[in-house]
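Enquirer: Prediction below, plus the sequence it came from.
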Protein chains: 2
Amino acid sequence: MPNYTKKDFPTHNVRRFLEPGPIVLVSSEHKGETNIMTMGWHMVMEFQPSLVGCIISSANHSFEMIRKSRQCVINIPTEDIATTVVKIGNSSGRDIDKFAEFGLTAAPGTHVRAPLIAECYANFECRLVDASQVKKYNMFIFEVVKAHVATAPKVPKTIHYRGDGEFMISGANTSRYRRLFRPEML
Amino acid sequence: MPNYTKKDFPTHNVRRFLEPGPIVLVSSEHKGETNIMTMGWHMVMEFQPSLVGCIISSANHSFEMIRKSRQCVINIPTEDIATTVVKIGNSSGRDIDKFAEFGLTAAPGTHVRAPLIAECYANFECRLVDASQVKKYNMFIFEVVKAHVATAPKVPKTIHYRGDGEFMISGANTSRYRRLFRPEML
């Protein structure tokens, strides 16, 4: 299991880790119970406030926990725990305590009661700021109120889901196109 | 420039290409004018109907073209045209005809007037089905009504934006975790 040292990270820049499209783990807490789910359908919506839109199927045990507690943590797992990520997606918090079952460490957050997953590269503490699209689309709009990111490596090896049981593993990072960018377009 | 042969692809399965989180090119048409923009903030919202949520800044020339024409094409570019993708994001349709400027081929769609970009690996013809979140979040909810995907390669080498002028290039594809998935969770 990875063991990261983390630093505070500016919330307006969490797009650095979310925009490339990794699978994330969403941890939640409601009335003393915790849970974890895997999630692939999410997008950055705004820099500041730092908004992230997420689709959470109402079939998930996490759905009501997050809807009622109005908070969660978005955690970024890396390739070294891919097997655990799949197993988390294959099981339900109705049946098991996922932190215990998968040997993950629930670390306390600073702004929400939902626990951070210590073994993930980054943890974004989120408050549900707009539930107006939950009924129609299962869409939750969260504000990232606190971000914790590992000090190393600089770029995480993330896992990206393709459906049908296939993953893409993040490849090379490149700044070779950087000189082409107009600064205001970065 | 790549030269793809394409086949019809089931619209409910476009998540195969969108869920890993690539930068996409959005092409549009309004009153005889065409345009292209780069976009990194998008997510799959539903399989069927095939829904995709997108954030399009109102600063973009494409914003009003898409809002008024209520359609667009989401195109998936690959690494071989990354330089063009950056240049498209650095320029405005107010000033130039992007298809002409960047030597791209506007191919006709079957369901929308917005042109497909032939040099992209996949093209998803979209209708704007919900504009209710445009004012508050610049969020457009599109239905993919027709999908065209290259017959080869099986997996495209996509580009994923990290901000600050850095890209992640898609890495290895793996089915090694497939046996862990419960079939209904795929």
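Expert: That came through, no problem. Numbers count the residues shown, from 1 in each chain, chains lettered A, B, ... in the order given.
Enquirer: Need the phi and psi values for the residue nearest to A:D130 when sequence neighbours are not counted.
Expert: Nearest residue to A:D130, sequence neighbours excluded (C-beta to C-beta, 6 or more residues apart in numbering or on different chains): A:I141, at 3.8 Å. Where C-beta positions appear, they are placed from N, C-alpha and C, glycine not excepted. The phi/psi pair for A:I141 (degrees, to the nearest 10) reads phi -110, psi 110.
Enquirer: got it, and A:E101?
Expert: Dihedral angles (degrees, to the nearest 10) for A:E101: phi -60, psi -40.
Enquirer: burial of the spatially closest residue to it that is not a sequence neighbour, as a residue count?
Expert: Using C-beta to C-beta, 6+ apart and skipping residues adjacent in sequence, the residue nearest A:E101 is A:S91, 7.2 Å away. Look at A:S91: counted by other C-beta atoms under 10 Å in any protein chain shown, it has 18 neighbours.
Enquirer: So A:S91 is in contact with A:A100, correct?
Expert: No: contact criterion C-beta atoms under 8 Å: A:S91 and A:A100 do not qualify, at 11.9 Å.
Enquirer: quick one, what contacts A:R16?
Expert: Residues counted as contacts of A:R16 (C-beta atoms under 8 Å, 6 or more residues apart in numbering or on different chains) are B:R162, B:G163, B:D164.
Enquirer: and the gap between the second one and A:P22?
Expert: As for B:G163, its distance to A:P22 is 14 Å (criterion: C-beta to C-beta, to the nearest Å).
Enquirer: same question, the first one
Expert: Shown here: B:R162 relative to A:P22, a distance of 11 Å by C-beta to C-beta.
Enquirer: The two: which is more packed in?
Expert: A count of neighbours by other C-beta under 10 Å puts A:P22 above the other of B:R162 and A:P22, at 29 against 20.
Enquirer: The nearest residue to the more buried one once chain neighbours are set aside - how many residues pack around it?
Expert: In space, and not counting its chain neighbours, A:P22 is closest to A:T158: 3.6 Å by C-beta to C-beta, 6+ apart. Neighbour count for A:T158, taken as other C-beta under 10 Å: 28.
Enquirer: Over to A:R179?
Expert: For A:R179, using other C-beta under 10 Å, the count is 8.
Enquirer: Spit out the contact partners of A:M43.
Expert: A:L18, A:V52, A:G53, B:W41, B:H42, B:M43, B:G53, B:C54, B:I55.
Enquirer: Ramachandran angles for A:I117?
Expert: Dihedral pair for A:I117: phi -90, psi 110, per degrees, to the nearest 10.
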